[in-house]
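A.B. asks: kindly return the folded structure for what I paste below:
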Amino acid sequence: MAMSTSKQNVRPKKRSGLQTQNIKILYLFLVPAMVLTFIFAYLPMFSNYIAFLDYDFNKGWFGFGSEFVGFDNFAKFLTDHKFYTLIGRTLLYSVTMMIATFPAPLIFALLLNELRGERFKRIVQTTSYIPHFVSWVTVAGLFYMFLTVDATGIINNLRQLIDPAAERISFMQDAKNFLPVLVISEVWKETGWGTILYLAALTSIDPQQYEAAQVDGASRWQRLMYITLPGLIPTMCILLIFSLSGLLATNFDQVFNLQNKMIRLDTDTIGVYTYYQGLVSGQYSYSAAVGLFQGVISFILIMATNYTTKRLSNVGII
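C.D. replies: Numbers count the residues shown, from 1 in each chain. This is a model prediction of the structure:
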């Protein structure tokens, strides 16, 4: 009876005025991020309306007095002879890059986690994610320099070092080499940055589980399979959701900067096609329709992937 009475009398402690004030100050730090997100992420959504217009900037306020044409721009894209080519190529690039790049941060994080020297571990980790801060313009310049037929072409120099009779190859002028270049550049640039999330997730795994497993005679491989990987499943699911949602949204900066006039028509993706139709050719309504189509498909993919992962592993973003 005394036990039940004492439990009923337990009440949550009220926050002091100073604690409440500190929390309000922390919320104030969110304001700039929320304002920027609204301006650059949500406000531009209203401009998608021009996808349903025969847009002319000189008609009405900012062109919103243009003639309403409904889904004509979408029908134009769906009946374009390039439609299936662009969809197929974009999916090919995205799926190939996802297969190659999705496990890379996980494997690298597991390898880093096995390092015992903390100083060496920090040096390797810091060095690995520095490329993330290098712009794709610079990365493209480096790849062109390494793969050129000129004297600075390191790859051709190595080939001729092994076989002096080998001819110098202009790798970047052949569309067949474009996908391997995309994969290699993406792995080199983003693997280190992607390991940050996995390393953070690894720190949340209780070390006592490893100690208990080691006492029970579990090998390092068994500890990896039955403790480490299950502990990383929530993080893997979240990253998988974002990866699958971008199947029709390849990295525009990467593709655009690695392209050149020799291979552009054979390597265009939906994102690059939208850029040339809108900003270069001036077909704003048509390019807006293509972009909106791409966005809707991406939204459907992210919701479907989120639903599937929640059903299978009870992990999702919504």
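
A.B. asks: return the backbone torsion pair for the spatially most central residue of the chain.
C.D. replies: When C-alpha atoms, centre = their mean is applied to the chain, the residue found nearest the centroid is Ser243 (6.2 Å). Its backbone dihedrals place Ser243 at phi -70, psi -50, with angles given as degrees, to the nearest 10.

A.B. asks: scan this protein for its longest helix.
C.D. replies: When the chain is parsed with DSSP state H, its longest helix is helix 284-313.

A.B. asks: picking up where we left off before, list the contacts for the closest residue to the residue nearest to the centre of the chain other than its chain neighbours?
C.D. replies: Among residues not flanking Ser243 along the chain, Met98 sits closest, at 5.1 Å (C-beta to C-beta, 6 or more residues apart in numbering). The C-beta positions use only the backbone N, C-alpha and C, and glycine is treated the same way. For Met98, the contact set (C-beta atoms under 8 Å, 6 or more residues apart in numbering) comprises Ser243, Leu244, Leu247.

A.B. asks: which SSE is Met98 in?
C.D. replies: Element membership for Met98, per DSSP states H and E: helix 83-101.

A.B. asks: buried sites along that helix?
C.D. replies: Using 16 or more other C-beta atoms under 10 Å as the test for burial, helix 83-101 gives Phe83, Leu86, Arg89, Thr90, Tyr93, Ser94, Met97, Met98, Ala100, Thr101.

A.B. asks: quick check: mean pLDDT of the helix or strand just after it?
C.D. replies: Moving toward the C-terminus from helix 83-101, the next helix or strand (DSSP H and E) is helix 103-113. What helix 103-113 shows for mean pLDDT is 90.

A.B. asks: which elements pack onto helix 103-113?
C.D. replies: Packing contacts for helix 103-113, counted by 3 or more C-beta pairs under 8 Å, 6 or more residues apart in numbering; DSSP states H and E, involve helix 118-129, helix 178-203.

A.B. asks: follow-up on the earlier one: nearest to Lys24, of the contacts of Met98?
C.D. replies: Nearest to Lys24 among the contacts of Met98: Ser243, at 37.1 Å, using C-beta to C-beta.

A.B. asks: now the closest one: how far from Leu232?
C.D. replies: Computed as C-beta to C-beta, to the nearest Å, the Ser243 to Leu232 distance reads 15 Å.

A.B. asks: Ile318 too?
C.D. replies: Distance of Ile318 to Leu232, computed by C-beta to C-beta: 21 Å.

A.B. asks: neighbour count winner among the two?
C.D. replies: Leu232 (20 against 8; other C-beta atoms under 10 Å).

A.B. asks: what residues are up against the more buried one?
C.D. replies: Applying C-beta under 8 Å, 6+ apart to Leu232 gives the contacts Leu106, Tyr198, Ala201, Leu202.

A.B. asks: can I get these in CSV with distance to Leu142?
C.D. replies: Formatted as CSV, those follow (distance: C-beta to C-beta, whole Å):
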residue, distance to Leu142
Leu106, 26
Tyr198, 26
Ala201, 31
Leu202, 31
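
A.B. asks: closest to Asn177 among those?
C.D. replies: Set against Asn177, the nearest of those by C-beta to C-beta is Leu106 (27.1 Å).
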